[in-house]
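# sequence first, then the predicted structure:
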Amino acid sequence: MPYQTPSRLPLQPCSLDGSSRQLLLPVPCCNSIDRFDLLQEIQAGHCLMTSTAFQDTDCSCTFSMATAMAPCAFACSALQSDTTKLRFKPVQARLKHDGIPSPPGNCSLDIRKKTNWGVATASYQVEGAWNEDGRTPSVWDVFAHAGNIKNNDTGDVACDMYHKFPEDFSLMRSLGIKHYRFSISWNRILPEGAAGTPINQKGIDFYNSLINEMLANGIKPYVTMFHWDLPQILQDNYDGLIGKEFINDFINYATVLFENFGDRVQDWMTFNEPWVTCVLQYGQGVFAPGKPYGEAGQYQCGHNLLLAHARTYRLYHETPQLQLGGLTYAQAQKGKIGIALNIEWLEPLTSKPADVVAAKYGIEKNLGWFADPLYFGDYPASLKACYQKILPSFTLEEQQLLRGTADFLGINFYTAKYAAGNPNDTCSVEPREQDQYGRDIGPLAESGWLRVVPWGIYKMMKYVDQRYHPAEIIITENGVSAPGEAAMPVQQAIRDKFRVDYYRGYLDNLCKAIKEGVKVSTYFAWSYMDNFEWKEGYTQRFGINHVDFDSPYRTRTTKDSGRFLAKHFFSIGHGWEAGSEQQHQGIDRQMEGNASIDRPHLEDLSQ
């Protein structure tokens, strides 16, 4: 039967029978703050919020809640229908503004409108479903199951995004998010990992559904091919990234991704934070697969990784494909390829020459190790001088292969440190968190390596721009773990002023760099939601949405930081629609024969 217009917002919970429903709560949203206040008020209740989506209609909007897994929900009405569509009537009510701070001073409306603002995650950290639908173990599954993670945590379930992604994209849409960076699980696509082994169709179907659901919600996909979760079988076969066989296997994996998803994905990152992969995974051995091969191991890892990146880039841009009528993937799919490099700004401890040299060398050693070959064709001269005995060398042919293989440069930026040098050793750099007078460089986050240093991102952007002159910079990660948040009850954790202040300071400095001409096109907050934080398990939280890991539903609740970003950046920033003929054809083609996500039907509303 038709709904009756209520006299006030009906915010009492109602019991549901567990069947799939969509409940609509029209509210006024002439001002964007209203929707976020409503979302917060609903999430503050005792019922499980599983997804949200807002649709603007004049001066009203709709809150949608998919309740297949929910014990109860808030409902619903103030609508009338005709034979063709639902019309939403504004409810005359206003929700209070509860203190979201103003946008940073350097982030003018023009900059915020012209920049893409989004969120990021990674497959092992959020997907779960570790042994479902043909997925085989990654090195992180094996590492976690061996008890190497704090509290014996694992990513077996994580945020359960494998099953909950429609709800997540609906929540993203409600927050105005139009850009999403995620990674693909290699071992979900190729369970045996290597070239010539079978493709797992269920893995392909999952990512097709994921991408299509993004597009249906107006969210542009950005894909990271490798975010540390190597198939364990490749580690067993040839020692993973240490083996030269890795290069061909990675190119084969990339080809599978281009073939299956390239008609809808136009932004690719080959590797996430290769410094972490090679130093922590194969140098120090403190991350999966736990191989402490020292500096010789880490530089061999980096060498193979760089060649895999370069050959993948050349494949995408330069190799004609018969199935595409002789066009390259780039020509047919109109995409681009980059990489996501992590770096901390190093500020000289003093003006002494040794400290200045140390800071310069430290950045070249960490960022230049990977960025210099992609832009200049070879390692930094300082790195070659300091590690000439163990650093592999590129042939002239390999240098030519590498040079110019980044359509954009992705930067993961979190913090900065001081650098102290040794006047007798130009290869010495000592990172410090206190200045020469013992004062902290910035407040300490929950993560022991992360201090809040907003001015660091400005200096880093200026350095990258001046050294590499990239056509485009993407901030592929930026965020913070709030102190003590994992132990807080949800209603305390979502009031994350520490994180709001972090974003406000960092974005102010980023916008300052943009204002001065640095070509930053896109920014991704890390992370969309709390997740598995590698060796720290679930004890450190970076999300702008809280996740209840004690609940089987992994309930998401938006934090104040999410509301801050939503109001001033996500809902303001440059939009994107899957509007091209190619994109529509890709969606139609992949939807044929694939299992679709059950969606509520309009007729369900009256049941």
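Thanks, I have the structure now.

# what segments of the stretch 51-200 of the chain are helices?
109-114, 123-126, 139-145, 161-174, 186-189 (DSSP state H, counting those that start in this stretch).

# convert the C-alpha atoms of stretch 450-459 to CSV, please.
Taking Å, rounded to 0.1, in the frame of the first residue of the first chain, the C-alpha atoms of stretch 450-459 are listed here in CSV:
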residue,chain,number,x,y,z
LEU,A,450,53.8,8.2,11.6
ARG,A,451,54.0,11.8,12.9
VAL,A,452,51.7,14.5,11.8
VAL,A,453,53.8,16.9,9.6
PRO,A,454,51.5,18.8,7.3
TRP,A,455,54.2,20.9,5.7
GLY,A,456,56.0,17.8,4.5
ILE,A,457,53.5,17.1,1.7
TYR,A,458,54.0,20.6,0.3
LYS,A,459,57.8,20.2,0.2
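
# name the element R563 belongs to?
Element membership of R563 [criterion: DSSP states H and E] is helix 560-565.

# now swap in E347 and tell me
strand 345-348.

# neighbours of the closest residue to V452 other than its chain neighbours, how many?
Spatially, and ignoring its direct neighbours in sequence, V452 is nearest to G442 (4.2 Å; C-beta to C-beta, 6 or more residues apart in numbering). Quick note: C-beta positions are derived from backbone N, CA and C, even for glycine. Using other C-beta atoms under 10 Å, G442 has 19 neighbouring residues.

# how about the one 5 residues further on?
Burial measure for S447: 19 neighbouring residues, criterion other C-beta under 10 Å.

# which ones are touching it?
V480, S481, E536, Q540 (C-beta atoms under 8 Å, 6 or more residues apart in numbering).

# switch to 10 Å and redo it
For S447, the contacting residues are Y414, T415, V480, S481, A482, P483, E533, E536, T539, Q540, R541, F542, by C-beta atoms under 10 Å, 6 or more residues apart in numbering.

# pretty sure G262 contacts Q331?
No: between G262 and Q331 there is no contact under C-beta atoms under 10 Å: 11.2 Å.

# who's more crowded, those two?
It is G262, of G262 and Q331, that has more neighbours when counted by other C-beta under 10 Å, with 23 against 16.

# which non-adjacent residue is nearest that one?
Closest residue in space to G262, ignoring its immediate chain neighbours: Q333 at 4.2 Å, by C-beta to C-beta, 6+ apart.

# how about the one you found, phi and psi?
phi -100, psi -10 (degrees, to the nearest 10).

# do the one 10 residues further on as well
Taking degrees, to the nearest 10, you get phi -160, psi 140 for the backbone angles of I343.

# report the contact partners of it.
Taking C-beta under 10 Å, 6+ apart, one finds 273, 275, 362-363, 366-368, 370-371, 411-416, 456, 460, 463-464 in contact with I343.

# report the rounded mean pLDDT for the top helix by length along the chain.
Using DSSP state H, we find that the single longest helix of the chain is helix 294-318. Mean pLDDT, helix 294-318: 98.

# one more: stretch 359-372?
98.

# cool, stretch 515-526 as well?
98.

# first-to-last residue distance for that stretch?
23 Å (C-alpha to C-alpha, to the nearest Å).

# tell me how far that stretch lies from the chain's centre.
Remark: stretch 515-526 is offset 15 Å from the chain centroid, using C-alpha atoms, centre = their mean, to the nearest Å.

# in it, what counts as buried?
V518, K519, V520, S521, T522, Y523, F524, A525, W526 (16 or more other C-beta atoms under 10 Å).

# does the fifth one touch Y222 like I think?
Yes: using C-beta under 10 Å as the test, T522 is close enough to Y222 to be in contact (7.8 Å).

# if we can go back for a sec, name the surrounding residues that touch the strand holding E347.
By C-beta under 10 Å, 6+ apart, strand 345-348 touches 354-363, 365-367, 413-421, 429, 431-432, 435, 441, 453, 455-463.

# give the buried subset of those residues as a ChimeraX selection command.
This is the ChimeraX syntax for the buried subset of the contacts of strand 345-348, where burial follows 16+ other C-beta under 10 Å:
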select :354,355,357,358,359,360,361,362,363,365,366,367,413,414,415,416,417,418,419,420,421,429,431,441,453,455,456,457,458,459,460,461,462,463
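
# mark which of the contacts of strand 345-348 are part of helices, please.
Those of those lying in helices (DSSP H): 354-363, 455-463.

# which strands and helices sit next to the helix holding R563?
Helices and strands touching helix 560-565, by 3 or more C-beta pairs under 10 Å, 6 or more residues apart in numbering; DSSP states H and E, are helix 32-43, strand 116-120, helix 497-515, strand 520-526, strand 545-547.

# picking up where we left off before, okay, and the common contacts of G262 and Q331?
With C-beta under 10 Å, 6+ apart as the test, G262 and Q331 both reach Y316, L324.

# tell me the centre residue of the protein?
A120 (1.6 Å; C-alpha atoms, centre = their mean).

# from what I see, that residue and P221 are in contact.
No: assessed by C-beta under 10 Å, A120 is found out of contact with P221, at 11.5 Å.

# list residues touching both of these two?
Residues touching both A120 and P221 (C-beta under 10 Å, 6+ apart) are H179, Y180, R181, F182.

# now tabulate these in TSV and tack on pLDDT.
TSV is the format used below for the shared contacts of A120 and P221 (pLDDT from 0 to 100):
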residue	pLDDT
H179	98
Y180	98
R181	98
F182	98
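
# can you check the residues you listed and name whichever has the most neighbours?
Counting neighbours by other C-beta under 10 Å, R181 leads those with 29 neighbours.

# can you pull the contacts of E472?
Shown in contact with E472 (C-beta under 10 Å, 6+ apart): K336, G338, A406, D407, F408, L409, G410, K519, V520, S521, T522.

# how close does G302 sit to I247?
13 Å (C-beta to C-beta, to the nearest Å).

# what does the pLDDT read for R21?
34.

# same check, this time on G99
77.

# doesn't K497 make contact with it?
Yes: the criterion here is C-beta under 10 Å, and G99 meets it with K497 at 9.4 Å.

# quickly list what's touching both of these two.
With C-beta under 10 Å, 6+ apart as the test, G99 and K497 both reach D560, F564.

# which of these two has more neighbours?
K497 (14 against 11).

# residue contacts, that one?
Contacts of K497 (C-beta under 10 Å, 6+ apart): G99, P101, A482, K559, D560, S561, F564.

# try 8 Å
D560.

# how far away is it from V286?
From K497 over to V286 the distance is 32 Å, taken as C-beta to C-beta.

# please apply the same query to D355.
On the measure of C-beta to C-beta, D355 and V286 end up 28 Å apart.

# how about H568?
37 Å.

# the two: who's more crowded?
Counted by other C-beta under 10 Å, H568 and V286 do not tie: H568 has more neighbours, with 24 against 13.
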